[in-house]
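>>> 3D, please:
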Amino acid sequence: MFSSARTRLVTAATALADRPQAIIPRGNHLVLDRPMVGPYPDSTAVIHLGMGCFWGAERLYWQLPGVYVTAVGYGGGYTANPSYQDVCSGSTAHTELVRVVYHPQELSLAALLKVFWESHDPTQGMRQGNDIGTQYRSALYCTSDHQLLAAEASRAQYQGELARAGYGAITTEIRGAVPFYFAEDYHQQYLAKNPGGYCGLAGTGVSCSGP
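Sure thing, here's the model as predicted:
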């Protein structure tokens, strides 16, 4: 029963009330030494990715050539300016996200999505491995029509490859732009600050060849 409650999304009517104060990261990205908060260069694009616990997912993306900056936060739910404790309570409907700001001329959207699909299991619903709860659900929140169409096409293509490997339906939530709320400073670049820290990332082993 406890597990069931953790994997059931709250509604707007039952979500926690908004917090008046937004969390704003202090200082630059620990690894890339660039501001995590915009405005970002005109040559960049932004996408928000949910792959379970955001610590390992952020490290995965800050290492990619063509990424300008990353940050972790929350989105996809109802409560404005949530804290980590709020999100982990399951009472905001937010999922843990990585904001990836990238140069499309250097890192193609297809390559970015390939890393997304291959680096976690998008068929698990409200969990990733042993991390159970609505805040761990797989999500792709796009900031342009181009991203949205590409994400939907890549999902359809990868679904076929997963099915041939014996996996079930992809549960990844794909939609347009949602408000992004930055996580607390200690979560930003967590695995750079704590190299031996927890990373729950685990893919299916199924290759994504692209749409």
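
>>> Now name the helix or strand holding Leu148.
Per DSSP states H and E, Leu148 falls inside helix 145-164.

>>> got the buried residues for that helix?
147-148, 150-151, 154-155, 157-159, 162 (16 or more other CB atoms under 10 Å). In short, each C-beta sits where N, CA and C put it, glycine included.

>>> per-residue confidence averaged over it?
In this model, helix 145-164 has an average pLDDT of 97.

>>> Quick one: list the elements packing against it.
Contacts defined by 3 or more CB pairs under 8 Å, 6 or more residues apart in numbering; DSSP states H and E place helix 145-164 against helix 109-118, strand 173-175.

>>> What ranges does the chain have for its helices?
2-6, 54-62, 84-88, 109-118, 145-164, 190-193 (DSSP state H).

>>> May I see the ones you listed arranged in CSV, with distance to Pro20 as well?
Output for these, formatted as CSV (distance: least, CB to CB, whole Å):
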stretch, distance to Pro20
helix 2-6, 27
helix 54-62, 24
helix 84-88, 13
helix 109-118, 33
helix 145-164, 31
helix 190-193, 26
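
>>> Of those helices, which is nearest Gly27?
Between Gly27 and these, the tightest spacing by CB to CB is seen for helix 190-193, at 12.1 Å.

>>> which residues sit against the closest one?
Contact with helix 190-193 is made by 30-31, 55-56, 58-59, 72, 186, 197, 199, as judged by CB atoms under 8 Å, 6 or more residues apart in numbering.

>>> Spit out the contact partners of the spatially most central residue of the chain.
By CA atoms, centre = their mean, the mean C-alpha position of the chain lies nearest to Gly50, the distance being 2.2 Å. Listed by CB under 8 Å, 6+ apart, the contact partners of Gly50 are 76, 95-98, 136-141, 173.

>>> Repeat the analysis, applying 7 Å as the threshold.
Neighbouring residues of Gly50 by CB atoms under 7 Å, 6 or more residues apart in numbering: 95-97, 137-139.

>>> Out of those, which comes closest to Gln63?
Leu97 (17.8 Å).

>>> Fine by me, thanks again.
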